[in-house]
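Colleague: Model the following, please.
(one chain, ligands or ions: 2)
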Amino acid sequence: MITNEIPPGARELLDRLRSGHRLALARAISMVENGKPGFEWLLHEIHRELGRAQRIGVTGPPGAGKSTLVSGLTRELRGRGETVGIVAVDPTSPFTGGALLGDRIRMNDLATDDGVFIRSMATRGSLGGLSTSTHEVADLLDAFGFSRVLLETVGVGQSELDIAGAADTTVVVLVPESGDSIQAMKAGLMEIADVFVINKADRPGADRLAQELELMLHMRMGEGGSAGAGHHGVSLRSVGRSARERAKEAAAQRHEWAIPVLKAIGQSGEGVAELLAIIDGHTGYLEESGELSRRRRARLADRVRGVVDRLLRRWTWSDGRGEELLAGALAELETGELSPYEVGDRIVRAITSSTR
Ligand SMILES: Nc1nc2c(ncn2[C@@H]2O[C@H](COP(=O)(O)OP(=O)(O)OP(=O)(O)O)[C@@H](O)[C@H]2O)c(=O)[nH]1
Ligand SMILES: [Mg+2]
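Modeller: Residues are numbered from 1 along each chain as shown. Ligands and ions are numbered 1, 2, ... in the order given. You can find the predicted model right below:
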């Protein structure tokens with residue numbers, strides 16, 4: 001039982017975390033990241049305090065300007081007196097200093113702001129997705145009392161899909177040169193985006209990408225799918241746009257969310273206030289439609305799966321039993337008397353039948 005194993009100092013750490021000590025927060029995060037004794041107890045204790053922070057995921061291809069937009073959003077939120085916790089997973093810039101000097105200088109004001117906490121994490125789950133500990137760090141930031149938790153992940157492979165499971169609202173950042181919208185659809189981004197941002201709109205191609213995306217979103221919504229098809233003498237572009245407007249209105253009437261496509265210039269802050277307004281609009285939609293509780297329920301179920309996976313892995317390998325059984329089977333594995341599947345099965349059976 002996790003409650004039977006409270007290491008010395010953990011209660012004090014929890015108290016200090018609850019009373020808003022940043023150092024305690026940093027220590028608690030390290031404890032969780034490194035799986036130090038007592039981390040599960042700590043997370044168990046704060047569990048009831050969760051759900052106050054709004055979690056916003058920001059994903060997209062490398063270098064799309066995610067960190068720039070996260071910084072912009074953070075500044076905007078600070079201007080409104082809100083507090084912000086940031087988790088950047090696998091970042092190359094600028095949270096880890098991999099960025100150009102200019103980026104780091106722009107980040108500096110956030111780094112010294114008491115209302116902001118930035119944590120970079122290199123951890124990924126074994127399947128390339130976000131590890132359970134990323135979600136747990138977001139929990140700590142939530143429990144600490146930040147009104148918003150921003151999660152930045154580079155959209156490669158599984159992590160971009162996972163972020164949708166970690167966030168209430170998912171922002172997908174694309175750039176004109178990051179490939180066309182077909183690419184976005186292939187990557188499954190259409191499925192996870194609550195908002196699309198075309199960043200670097202100061203560069204050519206932003207309008208085209210925005211129009212393509214709008215059209216694809218419109219077709220996906222299944223509203224008036226033939227609206228543009230049979231018209232004569234009207235450009236696809238204008239038909240797509242007006243049809244999309246109608247589809248948006250219809251969706252609003254049905255209490256559905258029509259995914260917005262917003263152009264932004266992260267560097268100058270253009271579009272950031274609009275993005276925040278859209279995010280807040282999405283929060284309202286989530287609450288009214290019941291989607292927020294559905295998303296949070298799915299998140300809790302996923303968390304349990306992650307915790308079980310981790311526990312089983314730990315019991316199997318770290319406690320020595322699995323390695324022992326494996327070592328005992330090596331000779332037979334080598335001669336071919338046993339297959340890896342038989343040995344695997346044997347180990348899992350031994351572990352799950354042992355009483356703990
Ligand atoms: N031209 C232009 N450059 C931008 C804009 N927004 C950000 N950049 C630049 O793009 C580069 C990458 O920005 P980041 O914010 O670090 O991008 P990121 O998506 O967080 O990058 P990774 O975390 O490494 O994937 C930086 O040099 C930014 O200054 C923009 O709107 N226009
Ligand atoms: Mg970044």
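
Colleague: So is the helix or strand harbouring Asp280 next to ligand 1?
Modeller: Element membership for Asp280 (DSSP states H and E) is helix 272-289. No. If you take CB under 6 Å from any ligand atom as the test, helix 272-289 misses ligand 1, and the best it gets is 10.1 Å. Where C-beta positions appear, they are placed from N, C-alpha and C, glycine not excepted.

Colleague: Show me what that helix is packed up against.
Modeller: Here helix 272-289 touches helix 66-79, strand 169-174, strand 195-198, strand 261-263, helix 291-313, going by 3 or more CB pairs under 8 Å, 6 or more residues apart in numbering; DSSP states H and E.

Colleague: Can you give me the buried ones in it?
Modeller: Residues of helix 272-289 classed as buried: 272, 275-276, 278-279, 282-283, 285-286 (neighbour count, 16 or more other CB atoms under 10 Å).

Colleague: what's the answer for stretch 327-341, then?
Modeller: Using 16+ other CB under 10 Å as the test for burial, stretch 327-341 gives Ala329.

Colleague: That stretch: end-to-end distance?
Modeller: Stretch 327-341 stretches 15 Å from its first residue to its last (CA to CA, to the nearest Å).

Colleague: next one: that stretch to chain centre, how far?
Modeller: The chain centroid and the centroid of stretch 327-341 are separated by 41 Å under CA atoms, centre = their mean, to the nearest Å.

Colleague: Assign a three-state SS to Pro204, would you?
Modeller: coil (DSSP: H, G, I helix; E, B strand; the rest coil).

Colleague: State the distance from it to ligand 1.
Modeller: 11 Å (CB to the nearest ligand atom, to the nearest Å).

Colleague: just to revisit the earlier point, can you lay out the buried residues of helix 272-289 as TSV showing pLDDT?
Modeller: Compiled in TSV, the buried residues of helix 272-289 are given as follows (pLDDT from 0 to 100):
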residue	pLDDT
Val272	97
Leu275	98
Leu276	98
Ile278	98
Ile279	97
His282	96
Thr283	95
Tyr285	95
Leu286	94
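
Colleague: still on that earlier bit, out of the helices and strands packed on helix 272-289, which is the most enclosed?
Modeller: Most buried of the helices and strands packed on helix 272-289 by mean neighbour count (mean count of other CB atoms under 10 Å) is strand 169-174; its value is a mean of 27.

Colleague: anything in that one sitting right up against ligand 2?
Modeller: No. Judged by CB under 5 Å from the ion, strand 169-174 makes no contact with ligand 2; its nearest approach is 9.8 Å.

Colleague: Using PDB, write out the CA atom coordinates for that strand.
Modeller: Written as PDB, here are the backbone C-alpha positions of strand 169-174 (Å, rounded to 0.1, in the frame of the first residue of the first chain):
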ATOM      1  CA  THR A 169      -7.600  22.100 -24.900                       C
ATOM      2  CA  THR A 170      -5.100  21.200 -27.600                       C
ATOM      3  CA  VAL A 171      -3.500  23.800 -29.800                       C
ATOM      4  CA  VAL A 172      -1.800  22.500 -33.000                       C
ATOM      5  CA  VAL A 173       0.800  24.900 -34.400                       C
ATOM      6  CA  LEU A 174       1.700  24.600 -38.000                       C
END
